[in-house]
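Peer 1: the sequence isn't on hand, but the structure is:
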């Protein structure tokens, strides 16, 4: 099994039935359980529910199955599963999925996520409470005076942190050979894009990294880069960055930590440093807010409420930006991590409802 060949994953037990899975969980108290749905004696959904209910330790369960009907997904999530992936998942993605749920994250296969969003939109159409509230809105309340946006999301801020604080840990600044040639920039720059990290695992690149360890002045840093690439630690690095970014919403400093094979990363990150590296994005957002307000024909004093939603709305410098422009008393926090999806679903419901009326 692919997990058994990972240096940082220990397979402590296997089970052929749901009952055996429960007994193995009680005996070994694993951090992560990989659970199939269709098993004899007791299916994986029931076993998941019982393990989560009985466990007195922080166990995470990842459903791995050939089948993904919606009802299975809903039952698994209700039972307490942390993720749901299909058996055709590539081995490296399975390893990353185990790390994700082990670190406290949640994970769904892309095809499942797409369907769930669609189902969410459909459910809104039969949500009588929501439908009633929408029907109470006047035409004026439904009117959109202006829209504006900046193509910036949380992953952009993650990349800035990696470029600013982490690349030196993975070889940036290394000099090679007697002539002191610079370390190839593209090798470290790729780390700022998680989807590009696996592309570095080629024979040519690995030979280059081996040579850099023999001839460079920072062999341990290059060795850390090699480990990051070969052992698929890129996802763990991005998880650590995301965690540090979240901690800075409440704290003035945090430590970004990644410990793995040949990697011992400890990096202090202060809120001031973070806000400095994303300053250009803050300016772009401030300019777009100003532009949108001008096109709406309204002044800040005519705005009743400013709704903050999405993970980036928790970043203090963006909160202060909105407070300075509209007043802190007008800011409203709404469904931080689901508000955007809910808004898209509501809009889908409105469009679908309008189409039904026309036909």
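Peer 2: Perfect, thanks for sending it. No experiment lies behind these values; they were computed from the predicted model shown.
Peer 1: can you pull out the helices in the stretch 1-150 of the chain?
Peer 2: 18-28, 44-54, 70-79, 91-102, 110-125, 128-136, 139-142 (DSSP state H, counting those that start in this stretch).
Peer 1: no, scratch that, I was asking about the stretch 251-359 of the chain
Peer 2: For the stretch 251-359 of the chain, helices defined by DSSP H, counting those that start in this stretch occupy the ranges 271-277, 279-296, 316-326, 339-358.
Peer 1: confidence-wise, which of those is weakest overall?
Peer 2: For these, the bottom mean pLDDT is recorded on helix 339-358, which sits at a mean of 59.
Peer 1: show me the beta-bridge partners of residue 181.
Peer 2: Beta-bridge partners for residue 181, by DSSP bridges, are residue 176.
Peer 1: thought residue 226 was touching residue 209?
Peer 2: Yes. Using CB atoms under 8 Å, residue 226 is in contact with residue 209, at 4.6 Å. Every residue, glycine included, has its C-beta placed from N, CA and C.
Peer 1: can you give me the buried ones in stretch 151-164?
Peer 2: Residues of stretch 151-164 classed as buried by neighbour count (16 or more other CB atoms under 10 Å): 152, 154, 157, 158, 159, 160, 161, 162, 164.
Peer 1: from those residues, which ones fall inside helices?
Peer 2: 154, 157, 158, 159, 160, 161 (DSSP state H).
Peer 1: give me the distance between the spatially closest residue to the last one that is not a sequence neighbour and residue 222.
Peer 2: The reference is to residue 161. Nearest non-adjacent residue to residue 161, counting by CB to CB, 6 or more residues apart in numbering: residue 241, 5.2 Å away. According to CB to CB, to the nearest Å, residue 241 and residue 222 sit 21 Å apart.
Peer 1: then residue 158?
Peer 2: Between residue 158 and residue 222 the computed distance is 23 Å (CB to CB).
Peer 1: ditto for residue 146
Peer 2: Residue 146 sits 51 Å away from residue 222, going by CB to CB.
Peer 1: between those two, which is the more surrounded one?
Peer 2: Per other CB atoms under 10 Å, whichever of residue 146 and residue 222 has more neighbours is residue 222, with 27 against 12.
Peer 1: hmm, the more buried one is touching residue 214, no?
Peer 2: No. Taking contacts as CB under 8 Å, residue 222 lies outside contact range of residue 214: 9.5 Å.
Peer 1: low-confidence ranges, the stretch 1-150 of the chain, go.
Peer 2: Scanning the stretch 1-150 of the chain for pLDDT under 70 picks out the ranges 1-2, 4, 67-71, 109-137, 140-142.
Peer 1: run a quick neighbour tally on the closest residue to residue 46 other than its chain neighbours.
Peer 2: Excluding its sequence neighbours, the residue lying closest to residue 46 (CB to CB, 6+ apart) is residue 18, at 6.1 Å. Residues lying near residue 18 (other CB under 10 Å) number 24.
Peer 1: one more: the one 10 residues further on?
Peer 2: Here the neighbour count serves as a burial measure; for residue 28 (other CB under 10 Å) it reads 12.
Peer 1: which residues touch residue 153?
Peer 2: Taking CB atoms under 8 Å, 6 or more residues apart in numbering, we find residue 153 in contact with residue 312.
Peer 1: an error on my part: the question was meant for residue 35.
Peer 2: By CB under 8 Å, 6+ apart, the contact set of residue 35 is 21, 44, 47, 48, 61, 62, 63, 64, 81.
Peer 1: so who does the fourth one touch?
Peer 2: With contact taken as CB under 8 Å, 6+ apart, residue 48 is in contact with 33, 35, 61, 63, 76, 79, 80, 81.
Peer 1: pick the one among the buried residues of stretch 151-164 closest to residue 304.
Peer 2: Closest approach between these and residue 304, by CB to CB: residue 152, at 25.8 Å.
Peer 1: what does the pLDDT read for the closest one?
Peer 2: Looking at residue 152, its pLDDT is 75.
Peer 1: and it, backbone torsions?
Peer 2: Residue 152 adopts backbone torsions of phi -130, psi 130, taken as degrees, to the nearest 10.
Peer 1: for residue 100, see how far away it is.
Peer 2: 24 Å.
Peer 1: still on that earlier bit, neighbours of the residue nearest to residue 161, how many?
Peer 2: Neighbours of residue 241 (other CB under 10 Å): 25.
Peer 1: so what secondary structure elements neighbour the strand or helix carrying it?
Peer 2: Assigned by DSSP states H and E, residue 241 belongs to helix 234-247. Applying 3 or more CB pairs under 8 Å, 6 or more residues apart in numbering; DSSP states H and E, one finds that helix 234-247 contacts helix 91-102, helix 154-161, strand 253-260, strand 263-270.
Peer 1: please redo it, this time with the cut-off set to 7 Å
Peer 2: Packing partners of helix 234-247 (3 or more CB pairs under 7 Å, 6 or more residues apart in numbering; DSSP states H and E): helix 91-102, helix 154-161, strand 253-260.
Peer 1: could I get those as CSV with distance to residue 279?
Peer 2: As requested, those are exported to CSV (distance: least, CB to CB, whole Å):
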stretch, distance to residue 279
helix 91-102, 30
helix 154-161, 10
strand 253-260, 18
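Peer 1: relative to residue 299, which of those is closest?
Peer 2: Residue 299 lies closest, by CB to CB, to one member of those: helix 154-161, at 30.2 Å.
Peer 1: give me the distance between that closest one and the centre of its chain.
Peer 2: 12 Å (CA atoms, centre = their mean, to the nearest Å).
Peer 1: cool, thanks, talk later.
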